[in-house]
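Trainee: got a structure for you, letters missing:
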């Protein structure tokens, strides 16, 4: 792995408008985001010879993407599972493709519409989990049928074990909204106070509507990955990929993640497995990170990843997010675009794009002198993460 | 790419029984094939830290595969599109993973049941093609709705342009059956003469039932890819991966493959794009190939690939397959397991397993002193190919 450190860079970023009920299909959104990334990088679209995408996706096949972009010669394409972990995972595979000479210029994208979300729901439902653990039959009769039910139970358990509070979850939602307010592309930009947060109805207690990603919404984002050498000759400041890793680690028991909250020791998410591998590849520690874009399908997943990536100890995520520590100007600004909670839910990919902006110094909530950015994928499923640097 | 030459090897192969209407699900078939490959390689199943699969697949997610095998730490997983091109494509990506240090021991598999076939049909239907070219609306009213319709038109065109005959297509079916007769795992083992072939009803003229893969059928196959160094210390003779390539090249026009037969110049399949890249990476020519496992969803796809990979000139595929040239004992034995036509339709993956057997010297139709084996993926879609060697 270490041989890939700093060998590649993100040379272009692109996105569409992020909207609720845009009426657009994911294919045209994908093409628009890719075209924008190509323009941003200052390359010719025909230079693209690699394509990477999420496997749970309705934006059409790589073949159709290639045909519609008019790519003459694609020598690498791949897809990657699982949901929110797929973004950083796909970028990781783009690095492998460039580093191994399979392709020179890889586009990685995510186009996301309610239809994809439905597809994801089918693939990731407890029905599927039940095939591994046989537990679905015991959970569904008691109302545990949706993704949010899993996360609410994990959140509840965190509160029980460590005294995490509603106010701490709320602080995450408030921080995201502050950043989104500066970002003209964010869907939710209205001011948000902790009181507003408390007024938000529970969807599955203790999680409220405002603890959740904006879903469903429509949009697409894309990046161009190429060699560090080539990136230096292109239009933009390269965001070097210092480290990249994907991990699917099985927790101490063979129980699967819908059962994690029932375990005697507190649930680890897959990010706890990715973190050591990532920092080892980077030859860095959490203290080297200037700004983090952390996957936030729910406020809780952001909180737990702060622990898993070593910004604080296990159980201290709640205290960590207090007093503006994760806001612009704080010790570790997190999700400076507004994240899934307030910018848009592009399944982790808008976090990657924002990570690049921070490295370039062009974020709407720019962290002064930011040099090193952590970007993470969804948890507790198999996931991946990146460290980008100037 | 060249830096990956001979860096990896297939160290283990596994398969299930191949059956029609087995009543088994693709998940259990996948686990059985993987377990057999692990045993064949003589490794501990927990050594597996990479998983690669087809993206059009119902055998469950990598997460479920990992959980059910009890894998403690998977550091790479990926998926690859398109249908029959996915097998060699996934092995190519396993090579990238091992060569770049992302994983040390990668399992690649295909589990195929009628359900997957249906899924594939949905994904690959003319409905989807129509999104790229807008041509579906003009084709379907005239009855062009199924995969076979595309291939029959291409076959017809080949006959028209080059004088290819029914007897030549029949020779391919007969050769496959001769090899299958020696293979106890083959589904179709009854003797087959050219007369029997002529008695086979047309499904879409000029293609007959016996021009087609056995479909649907049930089965799974798997291989273990690891470093050449490690493979040497394991139980079996390593099948070194001399070269691997995947290519999605757009033909001279922007027309897509359902339109290929209408082009003025004769259709190229994607294998015409893969071949030069593959042989360049191998530093070999077609003359170096001792035996070939060529994707044969239809007799025609085998015929056209003989041309595309340079075993004969364009238009001479028909003459090439005559007089036992592709049978055991001939100049270039092809599909020594019986192929999709007579062993089973495992979507290209049984061809990879047979390629390894030829390198090991353990095929039921063993080619004497075979050292170098070509394995190809499906065409005319985006595809991939491998060269394996002793």
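Mentor: Good, I have the coordinates. As the structure is a computational prediction, the values presented were derived from the model and not from experiment.
Trainee: hey, which helix or strand in chain A has the poorest pLDDT?
Mentor: helix A:126-133 (a mean of 42; mean pLDDT, DSSP states H and E).
Trainee: and the residue sitting furthest away from the middle of chain A, how far is that from residue A:205?
Mentor: Here chain A reaches farthest from its C-alpha mean at residue A:141, the gap being 31.7 Å by C-alpha atoms, centre = their mean. Taking C-beta to C-beta, to the nearest Å as the measure, residue A:141 falls 19 Å from residue A:205. Yep, even glycine has a C-beta here, placed from its N, CA and C like the rest.
Trainee: isn't residue A:305 right up against residue A:295?
Mentor: Yes. Assessed by C-beta atoms under 8 Å, residue A:305 is found in contact with residue A:295 at 7.0 Å.
Trainee: so what sits against both of those two?
Mentor: When contacts are counted by C-beta atoms under 8 Å, 6 or more residues apart in numbering or on different chains, residue A:305 and residue A:295 have A:376, A:379 as shared neighbours.
Trainee: burial of residue A:238, as a residue count?
Mentor: Using other C-beta atoms under 10 Å in any protein chain shown, residue A:238 has 27 other residues around it.
Trainee: So what does it look like in phi/psi?
Mentor: phi -70, psi 140 (degrees, to the nearest 10).
Trainee: Thought residue A:231 was touching it, still the case?
Mentor: Yes. Under the criterion of C-beta under 8 Å, residue A:238 is in contact with residue A:231, at a separation of 3.7 Å.
Trainee: next one: phi and psi at the closest residue in space to residue A:41 that isn't next to it in sequence?
Mentor: Once flanking residues are discounted, residue A:41 sits nearest to residue A:12: 2.7 Å by C-beta to C-beta, 6 or more residues apart in numbering or on different chains. Backbone torsions for residue A:12, taken as degrees, to the nearest 10, come to phi -150, psi 150.
Trainee: ok, whichever residue of the stretch 151-300 of chain A sits closest to chain B - contacts?
Mentor: In the stretch 151-300 of chain A, the residue that lies nearest chain B is residue A:248 (3.9 Å; C-beta to the nearest C-beta). Contact partners of residue A:248, counting by C-beta under 8 Å, 6+ apart, are A:270, A:273, A:382, B:62, B:63, B:66, B:71, B:73, B:74, B:75, B:77.
Trainee: repeat that with 10 Å
Mentor: Residue A:248 makes contact with A:81-82, A:85, A:89, A:270, A:273-274, A:381-384, B:49-51, B:61-63, B:65-67, B:71-77 under the criterion C-beta atoms under 10 Å, 6 or more residues apart in numbering or on different chains.
Trainee: go on, residue A:330?
Mentor: With contacts defined as C-beta under 10 Å, 6+ apart, the neighbours of residue A:330 are A:175, A:321, A:323, A:324, A:367.
Trainee: which residues of the stretch 201-350 of chain A fall in strands?
Mentor: Assigned by DSSP state E, counting those that start in this stretch, the strands in the stretch 201-350 of chain A fall at A:202-204, A:207-208, A:219-227, A:239-249, A:291-293.
Trainee: ok, residue A:195 - how many residues close by?
Mentor: Residue A:195 has 8 neighbours, counted by other C-beta under 10 Å.
Trainee: Let's verify it: helix, strand, or coil?
Mentor: Using DSSP: H, G, I helix; E, B strand; the rest coil, the secondary structure recorded for residue A:195 is helix.
Trainee: next structured bit after the host helix or strand of residue A:33?
Mentor: Following DSSP states H and E, one finds residue A:33 within helix A:26-41. For helix A:26-41, the succeeding helix or strand toward the C-terminus, using DSSP H and E, is strand A:50-54.
Trainee: Could you check the angle that next one makes with strand B:239-249?
Mentor: 90 degrees (axes from the mean of the first three to the mean of the last three C-alpha atoms, to 10 degrees).
Trainee: What strands line up against strand A:50-54, and which way round?
Mentor: strand A:76-80 (parallel), strand A:105-112 (parallel) (DSSP bridges).
Trainee: Now tabulate those strands in TSV and tack on distance to residue A:197 and mean pLDDT.
Mentor: Listed next are those as TSV, based on distance: least, C-beta to C-beta, whole Å; pLDDT from 0 to 100:
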stretch	distance to residue A:197	mean pLDDT
strand A:76-80	34	93
strand A:105-112	25	96
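Trainee: Is it possible to get JSON lines of these that adds mean neighbour count?
Mentor: As requested, the strands paired with strand A:50-54 are exported to JSON lines (neighbours: other C-beta atoms under 10 Å in any protein chain shown):
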{"stretch": "strand A:76-80", "mean neighbour count": "30"}
{"stretch": "strand A:105-112", "mean neighbour count": "30"}
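Trainee: Out of these, which is closest to residue B:310?
Mentor: Distances from residue B:310 to each of the strands paired with strand A:50-54 were compared by C-beta to C-beta, and the smallest falls on strand A:76-80, at 22.8 Å.
Trainee: next helix or strand past that closest one?
Mentor: helix A:86-99.
Trainee: for that following helix, what is the average pLDDT?
Mentor: If you average the pLDDT over helix A:86-99, you get 96.
Trainee: Then stretch A:151-171?
Mentor: 92.
Trainee: Same check on stretch A:365-385?
Mentor: 93.
Trainee: In that stretch, which residues have enough neighbours to count as buried?
Mentor: Within stretch A:365-385, the residues that count as buried by 16 or more other C-beta atoms under 10 Å in any protein chain shown are A:365-367, A:370, A:372-385.
Trainee: now swap in stretch A:317-326 and tell me
Mentor: A:317, A:318, A:319, A:320, A:321, A:325, A:326.
Trainee: Give me the pLDDT for the third one.
Mentor: What it means is residue A:319. For residue A:319, pLDDT reads 98.
Trainee: Test my guess that it contacts residue A:312.
Mentor: Yes. The criterion here is C-beta atoms under 10 Å, and residue A:319 meets it with residue A:312 at 7.3 Å.
Trainee: Need the overlap of contacts for those two.
Mentor: Common neighbours of residue A:319 and residue A:312 (C-beta under 10 Å, 6+ apart) are residue A:325.
Trainee: contacting residues for the residue nearest the centre of chain A?
Mentor: Centroid-nearest residue in chain A: residue A:348, 2.6 Å away (criterion: C-alpha atoms, centre = their mean). Contact analysis of residue A:348 by C-beta under 10 Å, 6+ apart lists A:54, A:83-90, A:110, A:112, A:221, A:293-297, A:340, A:375-378, A:383-384.
Trainee: Quick check: chain neighbours aside, which residue is closest to it?
Mentor: Per C-beta to C-beta, 6+ apart, closest to residue A:348 is residue A:87, 3.7 Å.
Trainee: follow-up on the earlier one: next, work out how far apart the residue farthest from the centre of chain A and chain B are.
Mentor: Counting by C-beta to the nearest C-beta, to the nearest Å, the gap from residue A:141 to chain B is 22 Å.
Trainee: give the contact list for that residue.
Mentor: Applying C-beta under 10 Å, 6+ apart, no residues contact residue A:141.
Trainee: what's the span of stretch A:289-299, first residue to last?
Mentor: With C-alpha to C-alpha, to the nearest Å as the measure, the ends of stretch A:289-299 fall 20 Å from one another.
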